[in-house]
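[1] Could you work out the structure for the sequence below:
(4 chains)
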2 protein chains.
Amino acid sequence: MAEVVSTSDKRTAVTDTLRSVQTLGDALDRMNSGMKGDMDMNASDLATLRMLTIREHRGQMVSPHDVATHLRISTASTTKLIDRLEKSGHLERRPHPSDGRARVVVLTDKSRREFFRHFGVHLAAMRQVAAGFDDAQLETIVDFLDQLTESITTTD
Amino acid sequence: MAEVVSTSDKRTAVTDTLRSVQTLGDALDRMNSGMKGDMDMNASDLATLRMLTIREHRGQMVSPHDVATHLRISTASTTKLIDRLEKSGHLERRPHPSDGRARVVVLTDKSRREFFRHFGVHLAAMRQVAAGFDDAQLETIVDFLDQLTESITTTD
DNA sequence: CCTGTTTGCTAGTTTAGCTAGCGATGTGAG
DNA sequence: CTCACATCGCTAGCTAAACTAGCAAACAGG
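    Take a look at the predicted model:
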């Protein structure tokens, strides 16, 4: 799949790519901070909504335990976090279908709408960027992004 | 530059790409939470180290005010945050070269080493992923990532 | 069935965020 | 040049959100 290239050039291209990834990470950090300000929320609560949005999109169930693991906070803190978000009408606790101890946390419509209302601007801009590439390029990009995600996840 | 493709296919490819970006964001979130746990730090303090690492790499100076803006926390909270990181030996306050009111925050060697020690594993894995693509592909990827960063930044 | 583990919760403590306000420095209008 | 006003980082005191410890209920394996 990979072409033969000189070692030094290769290293440069690879390094440039990693730097671009890091820079994107920086921009995403600032975007998240920005939404936190706009939606008048703390970082953890917003990160939870982000997580739920993505997992829901994939059809995955999310338990309080999953939230605690994702954020690396204690289950006690997670209980309070979910209390806050439930009280503010952003999510609901449901019984887990097979495990009597566990709960499942689900986003409310209000939360989905609010999240999209604030994230929508960025989404549109990002869509426009992606639209500037042809299908073959997008395939390469998706391939790269997914492999990157996989590498980060398994190194965890 | 872009090829002519059918509208519906195009939309699918674009949507797939955005989903991959979101999924990467989720993985980055988890990675950051993981480092927070490993380095025994809170989220803001670690985010500050991330920010400083990237900005330093670009040769940019960072003031306490910049940190406050990046994290969207008050300057008062930022003062305490910097107090913590200075006390733990992760950074130092320096006078700003031209503005007598301002300060510049700088990473210590200890901090750079510690950060790399924990981030290095992920970096190596990411480098390996990038190495699987040829220069032309990497150029496309960098182009995409940089445009994405730009779109997020200007939409801010 | 019974032992050990997992899940989510409460209670009480510690940490990290916020608002208000200040001194020192920089900036711009007149 | 002067003087009013904005900006930067700080302190003090308060509120919010994390932590540890410990518990009852529900699972899982021997």
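[2] which residues does A:Thr48 contact?
    For A:Thr48, the contacting residues are A:Val67, A:His70, A:Leu71, A:Leu81, A:Leu85, by C-beta atoms under 8 Å, 6 or more residues apart in numbering or on different chains. C-beta: built from backbone N, CA, C; applies to glycine.
[3] and chain B, which of those residues contact it?
    With C-beta under 8 Å from any C-beta of the partner chain as the criterion, the members of these in contact with chain B are A:His70, A:Leu71.
[4] Stretch A:36-49 and DNA strand D in contact?
    Yes - using C-beta under 7 Å from any atom of the strand, stretch A:36-49 comes into contact with DNA strand D via A:Asn42, A:Ala43, A:Ser44, A:Asp45.
[5] could the residues you listed be laid out in CSV, adding distance to B:Arg50 and secondary structure?
    CSV is the format used below for the residues of stretch A:36-49 next to DNA strand D (distance: C-beta to C-beta, whole Å; DSSP: H, G, I helix; E, B strand; the rest coil):
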residue, distance to B:Arg50, secondary structure
A:Asn42, 19, coil
A:Ala43, 13, helix
A:Ser44, 17, helix
A:Asp45, 20, helix
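[6] from those, which two are the most distant?
    Taking C-beta to C-beta, the two most distant members of these are A:Ala43 and A:Asp45; they sit 7.4 Å apart.
[7] tilt between the helix-or-strand element of chain A with minimal mean pLDDT and helix B:7-38?
    The helix or strand of chain A with the poorest confidence is helix A:7-38; it has a mean of 90 (mean pLDDT, DSSP states H and E). Between the axes of helix A:7-38 and helix B:7-38, defined by axes from the mean of the first three to the mean of the last three C-alpha atoms, to 10 degrees, the angle is 90 degrees.
[8] and the residue of chain A nearest DNA strand D?
    Distances from chain A to DNA strand D, computed as C-beta to the nearest atom of the strand, single out A:Gly100 as the nearest residue at 2.3 Å.
[9] do you know how far that residue is from B:Gly132?
    When C-beta to C-beta, to the nearest Å is applied, the distance between A:Gly100 and B:Gly132 equals 45 Å.
[10] Look at these two and report which has more neighbours.
    Each of A:Gly100 and B:Gly132 had its neighbours counted (other C-beta atoms under 10 Å in any protein chain shown), and the higher figure belongs to B:Gly132 (14 against 6).
[11] residues near A:Ala136, how many?
    12.
[12] Point out the residues in chain A that sit beside DNA strand C.
    Applying C-beta under 7 Å from any atom of the strand, one finds that chain A approaches DNA strand C through A:63-65, A:68, A:75-76, A:78-80, A:82-83, A:93, A:96, A:99, A:101-103.
[13] Helices - which of these land there?
    Per DSSP state H, helices hold the following members of the residues of chain A next to DNA strand C: A:Pro64, A:His65, A:Ala68, A:Thr75, A:Ala76, A:Thr78, A:Thr79, A:Lys80, A:Ile82, A:Asp83.
[14] Would you confirm that the fourth one contacts A:Asp66?
    No - counting by C-beta atoms under 8 Å, A:Asp66 is not a contact partner of A:Thr75; they are 10.8 Å apart.
[15] Those two: which has the busier surroundings?
    More neighbours sit around A:Asp66 than around the other of A:Thr75 and A:Asp66, counting by other C-beta under 10 Å; the figures are 18 against 11.
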